[in-house]
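1. got a sequence here, can you model it:
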Amino acid sequence: MNILYLKYAIEVAKTGSIIKAAERLYMAQPNLSRAIKELEGSLGITIFERTGRGMIPTPDGEKLLQYAERILMQVDEVENMFKDGHTENRRFSISVPRASYIAHAIAQLSKRIEPGHKTEIVYKETNSSRAINNVLHADYKLSIIRYAAKHDAYFKEMFEEKGLVSELITEFKYKLVMNEKHPLAERDTVYFSDLEPYIEIAHADPFVPSLSLAEVRKSELPDNTERRIFVFERASQFELLAENPDTFMWVSPMPDGLLERYGLVHKKCPDNKKIYRDVLIYKKDYKLTELDRMFIEELTAAKNRYVK
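-> Purely as a prediction, here's the structure:
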């Protein structure tokens, strides 16, 4: 398999066109078409479906492109590693749930990176399914996954089957957060029934591998809220909470400074009895690096400070 052909396939996928990809690659269109056909022939798959809308990756093509991007990224890393005779390149990579205390730990880790040390930190917020997949099949060494405590047996069995080490970071109950101008903000205690008239901001991609998304939403979210906005990006969730006083959200514990920045307040809700767990995972044959241990130190400090 020609690695250069992988680069060609990625360019075709980006542009959706052999003609446009050939222009961006500064090569003749027939040569590019021949290279794609040779790559398909060597692998025994069809990478692209030729349609009126352009070149669309097939399911096999999607899988190949995912691997191709990782392969080319690793080739670049090797080249950069030995460029100018320099071989030291520290890299920290982790997939995590959307959590302010984890983001705080990453910020503190960044402060400990000394000048003169070439360092890359890759920090991805995603759901449990993708976080597990990132450790098993992508270039992420660590992941933190979050799940309801009632699913603990399922996850522990899965970790064992997949050869993963799991370490409990913390247990907690989601806290209710809302705009300081919210109609319920003056109350000391808020109940599920009080929230019915208001709009819930919710994570868009909760996921437990053994359950459908509909079942997960039913098990994780109260059913008495008629209006919800599902958002993937944590910063957008905070912006919505800050801009619309009729919204609320269930979150892991947040630092006071972040609440103040967005004009938000925590509220007690006795109805919320579900316990969640954040668990650190990595492959059994993986040895923690200096950066990994520094992050775990900062994560422990953030947990002790904010998760109560």
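2. what residues are up against residue 104?
-> 255, 298, 302, 306 (Cβ atoms under 8 Å, 6 or more residues apart in numbering). The way it works is simple: take the backbone N, C-alpha and C, and place the C-beta from them, glycine included.
3. chain neighbours aside, what residue packs nearest to the residue nearest the centre of the chain?
-> For the chain, the residue nearest the mean C-alpha position is residue 126 (2.2 Å; Cα atoms, centre = their mean). What sits nearest to residue 126 in space, not counting adjacent residues and going by Cβ to Cβ, 6 or more residues apart in numbering, is residue 95, at 5.4 Å.
4. pretty sure the one you found sits in a strand.
-> Yes: membership of residue 95 in a strand is supported by DSSP: H, G, I helix; E, B strand; the rest coil.
5. if it is in a bridge, with which residues?
-> residue 124, residue 143 (DSSP bridges).
6. for it, give me the pLDDT.
-> Note for residue 95: predicted pLDDT of 94.
7. same question for the one 10 residues further on.
-> Looking at residue 105, its pLDDT stands at 95.
8. so what's it up against?
-> 295, 298-299, 301-302.
9. quick check, it in a helix?
-> Yes: membership of residue 105 in a helix is supported by three-state DSSP.
10. about what we covered before: roughly how far apart are the residue nearest to residue 126 and residue 142?
-> 8 Å (Cβ to Cβ, to the nearest Å).
11. which neighbours do those two share?
-> residue 135.
12. who's in contact with residue 194?
-> Contacts of residue 194 by Cβ under 8 Å, 6+ apart are 184, 187.
13. I meant residue 303, not that one.
-> Residue 303 touches 101, 169-170, counting by Cβ under 8 Å, 6+ apart.
14. likewise residue 295?
-> Residue 295 touches 92, 94, 105-106, 109, 142, counting by Cβ under 8 Å, 6+ apart.
15. after the worst-scoring helix or strand of the chain on mean pLDDT, which helix or strand is next?
-> Lowest mean confidence among the helices and strands of the chain (mean pLDDT, DSSP states H and E): helix 213-220, at a mean of 47. Using DSSP states H and E, the helix or strand that directly follows helix 213-220 along the chain is strand 227-231.
16. got phi/psi on residue 201?
-> When quoted as degrees, to the nearest 10, the phi and psi of residue 201 stand at phi -90, psi 130.
17. thought it was touching residue 239?
-> No: assessed by Cβ atoms under 8 Å, residue 201 is found out of contact with residue 239, at 9.8 Å.
18. residue ranges of each domain in this protein, please.
-> 3-83, 88-170+277-306, 174-273 (automatic domain parsing).
19. from residue 139, how far out is residue 249?
-> Distance from residue 249 to residue 139, by Cβ to Cβ: 32 Å.
20. of the two, which one has the most company?
-> Remark: of residue 249 and residue 139, residue 249 carries more neighbours, 21 against 14, as counted by other Cβ atoms under 10 Å.
21. can you pull the contacts of the more buried one?
-> For residue 249, the contacting residues are 176-178, 200-202, 237, 241, by Cβ under 8 Å, 6+ apart.
22. want to throw those residues into JSON lines with secondary structure?
-> Below are the contacts of residue 249 laid out as JSON lines (three-state DSSP):
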{"residue": "176", "secondary structure": "strand"}
{"residue": "177", "secondary structure": "strand"}
{"residue": "178", "secondary structure": "strand"}
{"residue": "200", "secondary structure": "strand"}
{"residue": "201", "secondary structure": "strand"}
{"residue": "202", "secondary structure": "strand"}
{"residue": "237", "secondary structure": "helix"}
{"residue": "241", "secondary structure": "helix"}
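23. could these be laid out in TSV, adding distance to residue 276 and neighbour count?
-> Shown next, in TSV, are the contacts of residue 249 (distance: Cβ to Cβ, whole Å; neighbours: other Cβ atoms under 10 Å):
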residue	distance to residue 276	neighbour count
176	14	22
177	15	25
178	20	23
200	17	18
201	17	22
202	14	18
237	17	23
241	20	22
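24. is it correct that residue 252 is in contact with residue 174?
-> Yes: contact criterion Cβ under 8 Å: residue 252 and residue 174 qualify, at 6.6 Å.
25. what is in contact with those two at once?
-> Common contacts of residue 252 and residue 174 (Cβ under 8 Å, 6+ apart): residue 276.
26. who has more neighbours, these two?
-> Higher neighbour count among residue 252 and residue 174: residue 252, with 20 against 16, using other Cβ under 10 Å.
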